[in-house]
Every structure is written in C-alpha cells, then in structure tokens.
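In: Need a 3D model of the sequence below.
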Amino acid sequence: MVHRMVFWAGFGLATRAWQLGIERRPILGKPTLWGYPVFAAIGASFGYWIQGVDERQQAILQERKQAILEKRARRAARQQGQAQGEPEAAAH
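Out: Numbering: from 1, shown residues only. Below you'll find the predicted structure:
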C-alpha cells in the first residue's frame, strides 16, 4: 500500500517541478517551496484512494472467481453422474 502512496507523492512533486519549469520560474525558489508538500499530499491521497479501489476490485474478482469455480464443479459432477448413467434430478 505504501509503495503506491510514495509513487503518487513523487508524481505530485514531479508535477510541481514540471509546472514551475514550464513557467520558467525557479524550481527551488523560496516563494515556490510551499507547493511541493501540497502537490505531494494530493498525490499521496490519490495513491491511497487508488489502493482502496484496487482492494475492492480484487475482492469482487475473487468472489466471482469462487462462484465460477463452484459452478464448474457442480457442472462436472452433474456430467460425471450422467456419464455413469444416473438420471439427472429435475432442478427446475
């Protein structure tokens, strides 16, 4: 989790440096130093949010994978029963 926050904080710092470079202002000038922590905090908070999104998506994918595997197991058992000559129970 921390690696994403650190990456996006670094991205925020790079964005601030790029912004000042485009404006041709001093990158480490005293009047511009306040922006770096702000941009880093915004980037880190975005990284934290993205991590939460990723965790929720992984949980949903894991649930769906488990449901599919259970469905496949039921289908395989049903097909094996049919292959052995057992009558299929009416499920409907």
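In: which residues of this protein score low on pLDDT?
Out: By pLDDT under 70, the weakly predicted segments of the chain are 86-92.
In: same thing but 90
Out: Applying pLDDT under 90 to the chain picks out residues 1-3, 25-32, 81-92.
In: Report the central residue of it.
Out: Central residue of the chain (C-alpha atoms, centre = their mean): D54, 2.3 Å from the mean position.
In: show me what contacts V6?
Out: Contacts of V6 were listed using C-beta atoms under 8 Å, 6 or more residues apart in numbering, and they are 44, 47. Just so you know, the C-beta spots here come from the backbone N, C-alpha and C atoms, and that holds for glycine as well.
In: Show me what stretch 23-36 is in contact with.
Out: For stretch 23-36, contacts defined as C-beta under 8 Å, 6+ apart pick out 13, 16-17, 19-21.
In: Can you lay out the residues you listed as TSV showing neighbour count, secondary structure and distance to Q80?
Out: Shown next, in TSV, are the contacts of stretch 23-36 (neighbours: other C-beta atoms under 10 Å; DSSP: H, G, I helix; E, B strand; the rest coil; distance: C-beta to C-beta, whole Å):
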residue	neighbour count	secondary structure	distance to Q80
L13	16	helix	60
R16	21	helix	63
A17	16	helix	64
Q19	14	helix	65
L20	17	helix	68
G21	11	helix	67
